[in-house]
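Q: 3D model of this:
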Amino acid sequence: MAFSEGVVKKVILSYTYVSIWIFLSFTVIVYNKYILDRKMYNWPFPISLTMIHMGFCSSLAYILVRVFKLVEPVSMSVDLYIKSVVPIGALYSLSLWFSNSAYIYLSVSFIQMLKALMPVAVYSIGVFLKKETFRNETMINMLSISLGVAVAAYGEAKFDVWGVTLQLLAVAFEATRLVLIQILLNSKGISLNPITSLYYIAPCCLVFLSLPWFIMEYPLLRDKSSLNLDFFVFGTNSFCAFALNLAVFLLVGKTSALTMNVAGVVKDWLLIAFSWSVIKDTVTPMNLIGYGLAFLGVGYYNHSKLQALKASETQKRNQQQSDEESGKLLDEKEGGANARKNENQN
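A: Next up, the predicted model:
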């Protein structure tokens, strides 16, 4: 079967967007691990790193929005900002803080295995907040993912309770943030792309992180004279974090959020292989068996989402066709009535 030039071009572009996103996501994760790990760069200050990212990203976002006018800012009142954006910013700051902190205690491969719990957290919180409908089939699917992650955790060679706690908290805060975006923003017709998200949310993150940073990390940085930053390392690291947000914008905008979920699974396997072969993290057979089970559960969840999306689109098309046919029939009736009226007048 021969494909048209347009189809081939679309497929190539889609794979290009996926490859860029996987590369940048991969780079940010490994780079953060390199900076924070005590055996590598040895700069174990996750709040400071997160604040550097947020400061860099908010500055660049401001330039792109206000100076270059790449995207239009969203019309937003102060009241809406305080009630909607501020809670999302608070959750985002906590998610990034705890997620970066976990790199100090856990391997890259094990962190990716724990992140497989994200669909479980999003669905559970969605059900609790009545944004998702409870279904026995979906809950069984969530339990299978949880079982797989539990098996992977049981087989982890360097299990660290504090590190696992931090990563699970990061997953919980991120899942809550995603659900609240639907409740506080999307339900009000407000849609933020990655640039406008950073434009509005990154400054919030800086504010929320400043207090724990001042209490927990500033005294250590001051005493160790570690405030002299390596601008190349932290500049390139922050730029990669910002570029990742743009890649998300491209990937979701040109393909779909589901494509990103599927690409995320590929990225996780690549990171596990990289962690084992290059960083020399220990990946046990029990790790792989457990993550394999979780992977199957996540794959089925994505498949179910795809089927539901297709069904919804089919229903919309059928409704649109029905409306168009009803409109044509109404026009024909009105035309016939007008014709008869004219004949009677003549």
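Q: mind listing the helices for the chain?
A: 5-36, 46-62, 78-80, 86-105, 108-114, 118-128, 136-154, 161-180, 194-212, 218-223, 231-254, 257-277, 285-345 (DSSP state H).
Q: so which of the ones you listed comes closest to residue 71?
A: When the helices of the chain are compared by Cβ to Cβ, helix 194-212 sits nearest residue 71, at 5.1 Å. C-betas here are computed from N, CA, C, even on glycine.
Q: How about residues contacting the closest one?
A: Contacts with helix 194-212, where a contact means Cβ atoms under 8 Å, 6 or more residues apart in numbering, come from 47, 50-51, 54-55, 57-58, 60-62, 64-65, 70-71, 73-74, 76, 81, 85-86, 88-90, 92-94, 96-97, 192, 242, 245-246, 248-249.
Q: per-residue pLDDT, the closest residue to residue 263 other than its chain neighbours?
A: Once flanking residues are discounted, residue 263 sits nearest to residue 18: 4.7 Å by Cβ to Cβ, 6 or more residues apart in numbering. At residue 18, the model reports a pLDDT of 85.
Q: How about residue 220?
A: The pLDDT attached to residue 220 in the predicted structure is 87.
Q: for the one 4 residues further on, same thing?
A: Turning to residue 224, the model gives it a pLDDT of 71.
Q: separation between it and residue 40?
A: With the distance defined as Cβ to Cβ, to the nearest Å, residue 224 ends up 17 Å from residue 40.
Q: same thing with residue 131?
A: For residue 131, the distance to residue 40 (Cβ to Cβ) stands at 40 Å.
Q: cool, residue 217 as well?
A: Remark: distance between residue 217 and residue 40 (Cβ to Cβ) = 19 Å.
Q: which residue sits closest to residue 178, ignoring its sequence neighbours?
A: For residue 178, ignoring the flanking residues on the chain, the nearest one in space by Cβ to Cβ, 6+ apart is residue 122 at 5.7 Å.
Q: burial of the one you found, as a residue count?
A: Residues near residue 122, counting by other Cβ atoms under 10 Å, number 22.
Q: can you tell me which residues contact it?
A: Remark: with contacts taken as Cβ under 8 Å, 6+ apart, residue 122 is in contact with 175, 178-179.
Q: related to what we said a few turns ago, between residue 217 and residue 40, which one's more packed in?
A: Counted by other Cβ under 10 Å, residue 217 and residue 40 do not tie: residue 217 has more neighbours, with 19 against 12.
Q: Would you mind confirming that that one is in contact with residue 51?
A: No - between residue 217 and residue 51 there is no contact under Cβ atoms under 8 Å: 9.1 Å.
Q: Quick one: low-confidence residue ranges for the stretch 101-250 of the chain.
A: Low-confidence segments of the stretch 101-250 of the chain (pLDDT under 70): 225-228.
Q: Over to residue 129: give its phi and psi.
A: Its backbone dihedrals place residue 129 at phi -90, psi 10, with angles given as degrees, to the nearest 10.
Q: Off-centre distance for stretch 149-166?
A: The gap between where stretch 149-166 is centred and where its chain is centred comes out at 23 Å by Cα atoms, centre = their mean, to the nearest Å.
Q: before we move on, what about stretch 64-76?
A: When distances are taken as Cα atoms, centre = their mean, stretch 64-76 is centred 22 Å away from the chain's centroid.
Q: ok, and the closest non-adjacent residue to residue 108?
A: Using Cβ to Cβ, 6+ apart and skipping residues adjacent in sequence, the residue nearest residue 108 is residue 275, 4.2 Å away.
Q: Pretty sure the one you found sits against residue 287.
A: No - contact criterion Cβ under 8 Å: residue 275 and residue 287 do not qualify, at 10.4 Å.
Q: Residue 27 reaches residue 237, doesn't it?
A: No - Residue 27 is not in contact with residue 237 according to Cβ under 8 Å; the separation is 9.1 Å.
Q: if we can go back for a sec, could you name every residue contacting both of residue 275 and residue 287?
A: Applying Cβ under 8 Å, 6+ apart, one finds that residue 275 and residue 287 are jointly contacted by residue 109.
Q: re the thing from before, need the helices of the chain in TSV with distance to residue 188, can you?
A: Output for these, formatted as TSV (distance: least, Cβ to Cβ, whole Å):
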stretch	distance to residue 188
helix 5-36	28
helix 46-62	21
helix 78-80	8
helix 86-105	13
helix 108-114	33
helix 118-128	18
helix 136-154	27
helix 161-180	12
helix 194-212	14
helix 218-223	38
helix 231-254	20
helix 257-277	19
helix 285-345	21
